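Chemist: just coords:
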């Protein structure tokens, strides 16, 4: 399964604060399929959408991936 990361949030948010969940909820309200996953390696919550990044030209996709 592949997924595209929309946003990253540090895991150390203040108690009772869920910025990744709130961001994903806003994306879903706009019709997206965003979900939150934990990246243990970077200790961060990632807001992701399933599937490849087919809606952008290849050059734009590579630029956002840091290539």
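Modeler: That came through, no problem. Here the structure is a predicted model, which is why all the values come from computation and not from measurement.

Chemist: for the helix or strand encompassing residue 8, packing partners?
Modeler: Secondary structure from DSSP states H and E places residue 8 in strand 3-10. Under the contact criterion of 3 or more Cβ pairs under 8 Å, 6 or more residues apart in numbering; DSSP states H and E, strand 3-10 touches helix 19-29, strand 44-50. All C-beta atoms are positioned from the backbone trio N, CA, C, and that covers glycine.

Chemist: Buried deepest among the ones you listed, which one?
Modeler: Neighbour counts (mean count of other Cβ atoms under 10 Å) averaged over each of the helices and strands packed on strand 3-10 peak at strand 44-50, with a mean of 18.

Chemist: And the contacts of that one?
Modeler: For strand 44-50, contacts defined as Cβ atoms under 8 Å, 6 or more residues apart in numbering pick out 1-11, 19-20, 23-24, 27, 32-39.

Chemist: How about stretch 31-39?
Modeler: Contacts of stretch 31-39 (Cβ under 8 Å, 6+ apart): 3, 6, 8, 11, 20-21, 23-24, 27-28, 44-50.

Chemist: what's the offset of it from the middle of its chain?
Modeler: Its chain's C-alpha centre and that of stretch 31-39 lie 6 Å apart, by Cα atoms, centre = their mean, to the nearest Å.

Chemist: Give the buried residues for that stretch.
Modeler: Neighbour counts over stretch 31-39 (16 or more other Cβ atoms under 10 Å) mark 34, 35, 36 as buried.

Chemist: Relative to residue 15, which of these is nearest.
Modeler: residue 36 (17.4 Å; Cβ to Cβ).

Chemist: does the closest one sit in a helix, a strand or a coil?
Modeler: Secondary structure, DSSP: H, G, I helix; E, B strand; the rest coil: residue 36 is strand.

Chemist: Please tell me how far it sits from residue 24.
Modeler: Separation of residue 36 from residue 24 (Cβ to Cβ, to the nearest Å): 5 Å.

Chemist: Run through this protein and note the low-pLDDT ranges.
Modeler: By pLDDT under 70, the weakly predicted segments of the chain are 1, 52-67.
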